[in-house]
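*Asks:* dropping a prediction and its sequence here:
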Amino acid sequence: MRIVFMGTPDFAACSLQGLLDAGYDVAGVFCQPDKPRDRGHKLAPCAVKQTAQAAGLPVYQPEKLRDGTALATLRALAPELIAVVAYGRILPDDILALPRYGCVNVHGSLLPKYRGSAPIQRAVLAGEAITGVSTMYLSSGMDEGDVIYTAETAIGETETSGELFDRLAPMGAELLVRTVRAIEAGTAPRMPQDHSQATYAPPLSREESPIDWSLPARMVLKHIYGMQPWPCATARLGGTDFKVFAAAYTYRPTSKAPGTVLAAGKAGIEVACGGGESILITELQASGGKRMTAGAYLLGHPMEL
C-alpha cells in the first residue's frame, strides 16, 4: 500500500518509523515548517523530518493546506492512504477525499475522551487511572471520526506527561501498523464515536502553572506531574518562586489553611492542601537556580515556617 505520512513531533516520528520497519511504501512525508529553537533561535527540523530524511524520503512542509498547493503535491504522490499523527493541522475536505482508503489518525487517548491537541497531559492532570491510544478514520470534525482500534494502559500515580508520551508513542506506532494491515485486508472495523461522551483537551498554557493548593492532595500531585515537561507546575513558598517537579503523599491530616508550609527539612517541604491533606515536595527549582532535591535546596536556603 502506498502511504503519505503527516506528522511533526517525536510522538509522530515513532509511528513513521513503525511504518518503515513494517516495510510499507511511504511515498512522502508532510510536517510543519522548521521553527527556531534553543537560545540561538536557529531553524531546526522536527523529529518527523529527521526520521524521513534519514530514510531518504521526500519531505514537504507547506505553510498552508487550503491554497491548492498541498493538494496538487498529494495528487502527484498518489497515496492510497494518508496516515496522520500529531501533524498539528486539520486536513481540508478535498485532501480527506483524495486517497482510495481514506485518511487515518493515531490519537493519544481513548476516544471520544480527550479530543484535541493535549490528550496525554489532560488525562494525567485529570487524575485518570487508564488512558491509551486510538486509531480512527479522519473526518471534517476534530477527532470525531469512526474509531478503528484502541489500546489501553494504566497511568502511573507519579508518571509525568512526558513519561507517558514516551510509553504511548510506540503503542501508537504498533496500533497504526495493525490498522494499515487491517485496511489492506479489508477487515478494519468502524465504530462510530458516542459524541455525547466526548471531552476536550485544549493545549496547556503557562497561566495554568500555579498550583491550586485548595485542591485535594491527589489532584495537586497530578498537577505537578501532568505539567511536565512543559510548562511545569509553579508555587510561591516562603517568599520564593519555584518550579515544582516531584512530590509525594504524606498521609498526615492537617487543619492548616491550604498553601501553608507545614515543615521544611531534609525530607522536603510539606504543604497543606485542600480537604485536610498535605503533600511533601521533594524536587524543585528556585527562580534563577538549578533543579535539585528540596532537601539540598534547604541546606543553603532555610525556610521559615
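*Replies:* Nice, I can see it.

*Asks:* for stretch 124-140, give the mean pLDDT please.
*Replies:* For stretch 124-140, mean pLDDT is 97.

*Asks:* just the buried positions in that stretch, please.
*Replies:* 124-126, 128, 131-139 (16 or more other C-beta atoms under 10 Å). For the C-beta atoms, the positions are set from N, CA and C on the backbone; glycine is no exception.

*Asks:* out of those, name the ones that lie in strands.
*Replies:* 131, 132, 133, 134, 135, 136, 137 (DSSP state E).

*Asks:* which one of these sits closest to residue 19?
*Replies:* residue 135 (12.6 Å; C-beta to C-beta).

*Asks:* quick one: that closest one and residue 12, what's the gap?
*Replies:* 13 Å (C-beta to C-beta, to the nearest Å).

*Asks:* overlap in contacts, the two.
*Replies:* residue 106 (C-beta atoms under 8 Å, 6 or more residues apart in numbering).

*Asks:* mind listing what the closest residue in space to residue 154 that isn't next to it in sequence touches?
*Replies:* Counting by C-beta to C-beta, 6 or more residues apart in numbering, residue 130 is the residue found nearest to residue 154 once chain neighbours are left out, at 5.9 Å. Contact analysis of residue 130 by C-beta under 8 Å, 6+ apart lists 110, 152, 153, 154, 155.

*Asks:* ok, residue 2 next?
*Replies:* When contacts are counted by C-beta under 8 Å, 6+ apart, residue 2 is found next to 25, 27, 77, 78, 79, 80, 81.

*Asks:* of these, select the buried ones using a PyMOL command.
*Replies:* In PyMOL, a selection of the buried entries from the contacts of residue 2 looks like this (16+ other C-beta under 10 Å):
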select buried, resi 27+77+79+80+81
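
*Asks:* in this structure, which residue is most central in space?
*Replies:* Among the residues of the chain, the one closest to the centroid is residue 120, at 4.3 Å (C-alpha atoms, centre = their mean).

*Asks:* dihedrals phi and psi, that one?
*Replies:* Main-chain torsions, residue 120, degrees, to the nearest 10: phi -70, psi -50.

*Asks:* look up how far residue 281 lies from residue 293.
*Replies:* Residue 293 is 10 Å from residue 281, by C-beta to C-beta.

*Asks:* what is in contact with the two at once?
*Replies:* residue 268.

*Asks:* more crowded one of those two?
*Replies:* residue 281 (27 against 17; other C-beta atoms under 10 Å).

*Asks:* picking that back up, from residue 171, how far off is the residue nearest to residue 154?
*Replies:* From residue 130 over to residue 171 (counting by C-beta to C-beta), the distance is 13 Å.

*Asks:* now for the two: what residues contact both?
*Replies:* residue 153.

*Asks:* who touches the closest residue to residue 167 other than its chain neighbours in this structure?
*Replies:* The shortest distance from residue 167 to any non-neighbouring residue, by C-beta to C-beta, 6+ apart, is to residue 153 (6.5 Å). Residues in contact with residue 153, defined by C-beta under 8 Å, 6+ apart, are 130, 131, 132, 167, 168, 171.
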